[in-house]
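> Mind folding the following:
(3 chains)
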Amino acid sequence: MTCGRGVEPEGEVMGRRSFLARCAAVLGAAIAAVLGSTGLSYFISPAFKKDEEDWVDVGGTKDIRPGAPVKVDFVARKRDAWAVTEKRSSAWVATKDGREFTAFDPRCTHLGCPYRWDQAKEQFLCPCHAAIFDAGGAVVSGPPPRPLDRYDAKVVNGRLLIQPIPRRRAA
Amino acid sequence: MSPWHEEYRRRYARLKGAGKSFFPHAVFKDALVAFLIFAALSLLAWKFGAGLESLADPTDATYNPRPEWYFLFLFQALKAFPGSLESVAAVVLPGAAVLGLLLLPLIDRGPERHPFDRPLLTGLGILGLIVVGSLTVAGLRSPLVNPIEEKDPLVAAGRRVYQDMNCAYCHKIRGKGGVVGPELDKVVGGESVEWLEKHFRDPKSVVPGSAMPQLHLLDDEIAALAAYMKSIGDEPFTKEAPRLFSEHCAACHKIGREGGESGPDLSLIGSARDKAALKRAIADPTSLNPAAAMPAFKDQLTDVQIEDLARYLSSLGR
Amino acid sequence: MKNALILARDWIVERTGFDRVWEVLFERHVPEAKGPAAWLYTLGSASLFVFLVQVVTGSLLAMNYVPSPDHAYDSVRFIGEKVLCGSFIRGLHHWGASFMVVLVVAHMLRIYFMGSYKYPREGTWMVGVVLLLLVVGLGFTGYLLPWDQKAYWATAVGTNIAEQTPFIGPLVAKVLKGSSELGAATLPRFYALHVLVLPAAMLLGLGVHLFLVVWHGISEPPERARRPGEAP
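Numbers count the residues shown, from 1 in each chain, chains lettered A, B, ... in the order given. Here you go, the predicted structure:
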């Protein structure tokens, strides 16, 4: 043990004093280092957490025909830290060829009103300020600042999966 | 003021003057002890963590309740007092001890400080330590009344999903629940885990026209629910099983009217123990209850036979 | 650089009188204890140290804990499985609780057997007994919080013991549980006691206890009493 016994002769009182003080400081620093580093990791751990990809199964793709976008309702069940939350939500799903699918956020990019598909005009119509989008989500007329927001979508084993996080597209 | 108080103050002032400064001499000792304590704490925290058993279940009748170890002496003391005197052990004695401690400096007011100069209090202290210490040891050693059942955490999680999703609104397990869907313990036994998981993801994908709604469960919830279903389902046993029972078990155990009486009656055992617990009990009963009188069968029966026997027993009384 | 440090220190000293505080707290003299008995004098500060560890780890745990039967268990599991160093921090808090009880009791035994509670330190002792009760209370209320089987049943046993109190037992148990059943009303009650009421009382008591320790000075190791007529 290097700290326990005084190595200085009796006369050098100040030497032994500062030696003990230094030992105490080193021991204290060691404790603070372990508690501090683990405590800090604990505190900042949300910063290291990756957002998980939550693909939601919204059903089969058979019912979605080219040229006729369909509104699908789904429940996104998600783990939020220790709780599980359930959110009802919907999307407009369109396809050109029956293989590639596009999912639109169901809110108009102007003020968030719920738009609908008009099969006769083959356009999306927003009831609030008469905005019009085409089948690809681009603005045809009206006040919206950008095309319809999209959700990431993919097809796995004939089932359509979407990730209900709106992705903006440039005007 | 007692005459010795003045003298004590003078003597203490002299001793204090001759003593050393708190910093760094005492501080160093304190720091070293704190460091050793923290090292021990860290080691325990790192090696053993804090542990977490399954979710609190107020309806569980098989758990062995135990208080935290530093209350164990009190818990153990309760056993020594019969019903009407229980409050003495539980509240009166501890209360008196605390009051005694609180008022100690007002009771013992003389100048004597050395333990040998206060034989009564020193003896009382040692006696108290021995009593509390031996009660604690006795509490730690006291046998558990209920056998320790190791529950599969996945099955426990599955049971929670079953409750949270309100499955019992439509389904029955062991005769409890709704009548819309099938009785689960009767039907799930034969299905594979893969089939169950597919079914929970989208019931119509494996049972066309199923009236069961899609539950939108998370992957881990689906796995847990499947494990729970596997744990409740009756699994078929062979004709061999009842024969094994009459050959190896009936000397001590009864089913219905047949069998011996030195061991517990097993006619309804399936309602109290699941298959996994029964398998362990057959293979080696001391793993559940160290004091069990029943012999271990793991060397006399094959694993397949034990499984068969456990399936048979778990079907009884359901 | 060094000059700047000295300047900064002087600035603080001039405005806070910190040098006087340091002198009173740390440069005070302590009667010398010889041999292994000297180490018994570290038990008090060791208890204080573990209390501080409990404060730090407890504050961190509180960031992820929900005192409701619906979420308590899951949030504790979340700490153990998903938070960086979560199981270590929770482990420190768990073992720290046991260490705290052991150290505080050992500290009390030292005072008891050395007769250090005598004049003029009677008040220090009495506050110390209250602090011991607070530690036991913190252990009892904290044990329920994970809301697992062990927690639930240990608390059920504990509240049943309280129910044995003559005359007022059922009332005491009901107040403790917040309802006649151990459940949704109990958990937030125990949590508030565990993180607000008892620690606040603890800090107050510690303040008084430490003040008295410094005010009266640490007691000297006991000597055998002199018989009348014996030379001093």
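> Please identify which helix or strand holds residue C:15.
helix C:2-16 (DSSP states H and E).
> Which elements pack onto that helix?
Contact here means 3 or more Cβ pairs under 8 Å, 6 or more residues apart in numbering or on different chains; DSSP states H and E; on that basis helix C:2-16 packs against no helix or strand. For glycine as for every other residue, the C-beta is placed from the backbone atoms N, C-alpha and C.
> Strands of chain A, start to end?
Assigned by DSSP state E, the strands in chain A fall at A:56-60, A:70-80, A:83-95, A:101-104, A:116-118, A:123-125, A:132-133, A:139-141, A:150-156, A:159-167.
> Just the buried positions in the fifth one, please.
Neighbour-count burial for strand A:116-118, with 16 or more other Cβ atoms under 10 Å in any protein chain shown as criterion, is recorded at residue A:117.
> Pull up the pairing partners for it, direction included.
strand A:123-125 (antiparallel) (DSSP bridges).
> cool, the third one as well?
Listed by DSSP bridges, the sheet partners of strand A:83-95 and their directions read strand A:70-80 (antiparallel), strand A:101-104 (antiparallel).
> thinking residue B:64 is in contact with residue B:144, fair?
Yes. In this structure residue B:64 lies within contact range of residue B:144 using Cβ atoms under 8 Å: 4.4 Å.
> Other residues contacting the helix or strand of chain A with the lowest mean pLDDT?
The helix or strand of chain A with the poorest confidence is strand A:56-60; it has a mean of 81 (mean pLDDT, DSSP states H and E). Residues from elsewhere that reach strand A:56-60 (Cβ atoms under 8 Å, 6 or more residues apart in numbering or on different chains): A:72, A:74-76, A:91, A:93, A:158-164, B:201-202, B:216.
> what about the helices in chain B?
Along chain B, the stretches classed as helices by DSSP state H are B:3-18, B:27-48, B:72-80, B:86-87, B:93-107, B:119-141, B:153-164, B:184-187, B:193-201, B:203-206, B:219-232, B:240-248, B:275-283, B:303-314.
> Of the strands paired with strand A:83-95, which shows the lowest average pLDDT?
Out of the strands paired with strand A:83-95, strand A:70-80 stands lowest, with a mean of 85 (criterion: mean pLDDT).
> Any residues of chain B in contact with chain A? List them.
Contact residues, chain B versus chain A (Cβ under 8 Å from any Cβ of the partner chain): B:23-25, B:27-28, B:30-32, B:34-35, B:38, B:42, B:201-202, B:216-218, B:221.
> Just the buried residues from the residues you listed, in PyMOL please.
For the buried members of the residues of chain B next to chain A, the matching PyMOL selection, counting by 16+ other Cβ under 10 Å, is:
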select buried, chain B and resi 23+24+25+27+28+30+31+32+34+35+38+42+201+202+216+217+221
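> Name the strands paired with the least confident helix or strand of chain A and say parallel or antiparallel.
The pairing partners recorded for strand A:56-60 under DSSP bridges are strand A:159-167 (antiparallel).
> C-alpha coordinates for the helix or strand harbouring residue C:124, CSV please?
According to DSSP H and E, residue C:124 maps onto helix C:122-144. This file holds the C-alpha atoms of helix C:122-144, laid out as CSV (Å, rounded to 0.1, in the frame of the first residue of the first chain):
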residue,chain,number,x,y,z
GLU,C,122,-27.3,13.9,23.5
GLY,C,123,-29.0,15.9,20.7
THR,C,124,-26.7,14.5,18.1
TRP,C,125,-27.7,11.0,19.1
MET,C,126,-31.4,11.7,19.1
VAL,C,127,-31.3,13.3,15.6
GLY,C,128,-29.2,10.2,14.6
VAL,C,129,-32.0,7.8,15.8
VAL,C,130,-34.5,9.8,13.7
LEU,C,131,-32.1,9.5,10.7
LEU,C,132,-31.9,5.8,11.2
LEU,C,133,-35.7,5.6,11.1
LEU,C,134,-35.7,7.7,7.9
VAL,C,135,-33.2,5.3,6.3
VAL,C,136,-35.4,2.3,7.2
GLY,C,137,-38.4,4.2,5.8
LEU,C,138,-36.6,5.0,2.5
GLY,C,139,-35.7,1.3,2.2
PHE,C,140,-39.3,0.2,2.8
THR,C,141,-40.9,2.7,0.4
GLY,C,142,-38.3,2.1,-2.3
TYR,C,143,-38.7,-1.6,-2.2
LEU,C,144,-42.2,-1.4,-3.6
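> Many thanks, have a good one.
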